[in-house]
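Asks: sequence and computational prediction follow.
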Amino acid sequence: MISVVLVLAFGIDLFAKWPFHGYSILMDIAYLVFGIVLGYLTWQVHRELP
């Protein structure tokens, strides 16, 4: 769930300059990557649980 919030918040900021007013494109891209990686890792752990 947190990964979805990260991807949405920083994806919207990257393309629409809201809610952080496009302060840093590098920050937006980095947090998008972190959100995607976090979502992938969460999904992998969820699949391994009984």
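Replies: Nice, thanks for sending it over.

Asks: could you use CA atoms for every contact and neighbour count after this?
Replies: Noted.

Asks: for the longest helix anywhere in the chain, buried residues please.
Replies: Longest helix in the chain by number of residues, with DSSP state H as the criterion: helix 25-48. Judged by neighbour count (16 or more other C-alpha atoms under 10 Å), helix 25-48 contains these buried residues: 28-29, 31-33, 35-36, 38-39.

Asks: using a markdown table, lay out the residues you listed together with distance to Ala16 and pLDDT.
Replies: A markdown table is the format used below for the buried residues of helix 25-48 (distance: C-alpha to C-alpha, whole Å; pLDDT from 0 to 100):
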| residue | distance to Ala16 | pLDDT |
| --- | --- | --- |
| Asp28 | 12 | 96 |
| Ile29 | 14 | 97 |
| Tyr31 | 16 | 97 |
| Leu32 | 14 | 97 |
| Val33 | 18 | 98 |
| Gly35 | 18 | 97 |
| Ile36 | 19 | 98 |
| Leu38 | 23 | 98 |
| Gly39 | 23 | 97 |
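
Asks: output those residues as TSV; include the columns distance to Leu14.
Replies: As requested, the buried residues of helix 25-48 are exported to TSV (distance: C-alpha to C-alpha, whole Å):
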residue	distance to Leu14
Asp28	6
Ile29	8
Tyr31	10
Leu32	9
Val33	12
Gly35	14
Ile36	15
Leu38	19
Gly39	19
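
Asks: on that earlier part again, counting contacts, what elements does the longest helix of the chain pack onto?
Replies: Judged by 3 or more C-alpha pairs under 8 Å, 6 or more residues apart in numbering; DSSP states H and E, the packing partners of helix 25-48 are helix 2-16.
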